[in-house]
Every structure is written in C-alpha cells, then in structure tokens.
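In: sequence first, then the predicted structure, then my questions.
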Amino acid sequence: MERLQKVIANCGFCSRRKAEELIVEGRVIVDGDVVVKLGTMVSNKSVIEIDGIRLEPETKVYYLFNKPRGIVTTTKDDKGRKSVVDFITTEHRIYPVGRLDYDTTGLLILTNDGEFSNLMMHPKNKIEKVYVAKVNGIVKGEDVARLKAGVEIEKGIVVKASRVKLRKVNQERKNSLIEITIYDGKNHQVKKMFQSLGLQVDKLKRERIGFLTLGNLQSGEYRELTKKEVHQLYALANRVHHR
C-alpha cells in the first residue's frame, strides 16, 4: 500500500505536489469513488482515474548525462535558459537526480524513478560523488586535513570530505587541481567548502557517482543506464541498511 499522491507521481502523470492539488479538487477517482483526502492509501491493484484518464504504471528510465557548462539542472527555467532535460530525447517526464551548478560540468543522472532518486541523494546511503576542482590558490596539506575533518559552509552547517587527493599544484600560475569525494550534495557545497578555506573554485567537474563514470561520453552526450547498472546502484544504496 502506498499514498495516492505518490502513486500518481510515480506513474509520471504529474509531480506529487500537483497530485495533491488534483486530489483536493476532487478530480481523482479510485475504484469508482472520488477521493479528496490526502494520504489515502491505495494498492497496486487499485484503478485510478484523473479527469476520466486511467493511470497506467510508467516504465522507469535512467540516463547518464555529461552536463556542459552554462546549462541549468532543472526541468524548466523561468529565465528561458537551456535545461539538462532539453538534451535528452524521451517520451517520459524525467528530472535530474540532485543538481549541478550552472557552470559546473560532468556526470548527472536523470530519471522518472522517485525512489531511485531519493536513494542516490540521501547522505546516509553513502553514495560517493567525486569532483575535480581547479582552485585559484595553492592548496596545502593542512587544507586537505581540514576538508577531511569538516568545515563550516554556513552558520551551524559543517560538512566534510570522505577523501581528498591533491592531483596537481602549479606554483607558477598559483592554482591547484583537487579531487574531492563527498556523500551529501548541499547547494554549492564543494565551492563553499573551498571558500571556507579562503580558496576560490574556478572550474568544477563531477567525474563519478558510485561506480559510474563518464567513460567516452562527450560534453552534452548521454546514454541509458543498463538494467545491471541500475540494480547495482540500488544494491549500493541499500547495502548500508543491511550491515
């Protein structure tokens, strides 16, 4: 049994919030009866209709995308900027799993599977997100130690990297290339972590999520995840709960 608004959203008809509006407006019928109570539980055998349209379970799809710079990680943008969903040809209503900043590039997953999306994003599931940052300034050993120990990115919010690797330091140009691994994904998190050390991130790319890498995907290209990859990602997220 699941909440009615969640089932509607999982069918790809609309967002969960919009589903709640439709229920309150009396536009949803379950097994022949109008339902207006939020939180109503339904089974997988329930017949759900919205404005006379019978809902059918939506096929779940999963895409791996190499996000270019200057693209927003939303389904639509009020400023008319190009969105990550504009690059992917599909009949399904997909959305990004988490987000990458406008000027951040690299690996992004898009899907219509809400459960999968939540598993990938929740910090407790310890899905590694690996970024490479080009930083304006020389990163020292004590900076690496502080990133791993934890830094305050906002008042009362302390985050830490699970791993930090110094890839390259250019003494002449006064910049550093750092690989940083985190589990959570707060807004502008990596940039704010370096800012807390007095360092500015000039370029940022996400290179890996879990075991997924970009492989041969060029900027702006995408591919579907295989069934095996999806199963492995589910297993990766669920391993924490079975220890």
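Out: Everything's here; your move.
In: which one's the longest helix in this structure?
Out: What stands out as the longest helix in the chain, according to DSSP state H, is helix 227-238.
In: and the nearest residue to Val47 once chain neighbours are set aside, how far from Ile48?
Out: Spatial nearest neighbour of Val47, chain neighbours left out: Asp31 (5.5 Å); criterion: Cβ to Cβ, 6 or more residues apart in numbering. All C-beta spots, glycine's among them, are computed from the backbone N, C-alpha and C. Distance of Asp31 to Ile48, given as Cβ to Cβ, to the nearest Å: 8 Å.
In: repeat for Glu56
Out: 9 Å.
In: which one's more surrounded, these two?
Out: Using other Cβ atoms under 10 Å as the criterion, Glu56 and Ile48 rank with Ile48 on top: 19 against 10.
In: that one bridge partners, please.
Out: Beta-bridge partners for Ile48, by DSSP bridges, are Val30.
In: and it, how far from Ile94?
Out: 21 Å.
In: what helix or strand does Lys168 sit in?
Out: strand 163-170 (DSSP states H and E).
In: show me what the following helix or strand past that strand is in contact with.
Out: Once the chain leaves strand 163-170, the next helix or strand it forms, by DSSP H and E, is strand 175-182. Strand 175-182 has contacts (Cβ atoms under 8 Å, 6 or more residues apart in numbering) with 128-139, 147, 159, 161-170, 189-190, 193, 202, 207.
In: pLDDT on strand 175-182, on average?
Out: Averaging pLDDT along strand 175-182 gives 97.
In: picking that back up, what helices and strands are in contact with the longest helix of the chain?
Out: Helix 227-238 is packed against helix 114-121, with contacts defined by 3 or more Cβ pairs under 8 Å, 6 or more residues apart in numbering; DSSP states H and E.
In: and the angle for the helix it packs on with helix 227-238?
Out: For helix 114-121 against helix 227-238, the angle by axes from the mean of the first three to the mean of the last three Cα atoms, to 10 degrees is 60 degrees.
In: number the residues from 717 up from this point.
Out: With 717 as the first residue, the last one maps to helix 830-837.
In: tell me what helix 830-837 is packed against?
Out: In this structure, helix 830-837 makes packing contacts with helix 720-726, helix 943-954, judged by 3+ Cβ pairs under 8 Å, 6+ apart.
In: which of those helices sits most buried?
Out: Most buried of the helices and strands packed on helix 830-837, by mean neighbour count (mean count of other Cβ atoms under 10 Å): helix 720-726, with a mean of 21.
In: hmm, back to that, is it true that the residue nearest to Val763 touches Thr756?
Out: No: the pair formed by Asp747 and Thr756 falls short of the contact definition of Cβ atoms under 8 Å, at 11.0 Å.
In: state the pLDDT value of Leu823.
Out: Note on Leu823: pLDDT of 98.
In: centre of the chain to the helix or strand harbouring it, how far?
Out: In the assignment (DSSP H and E), Leu823 maps to strand 821-827. Relative to its chain's centre, strand 821-827 lies at 7 Å (Cα atoms, centre = their mean, to the nearest Å).
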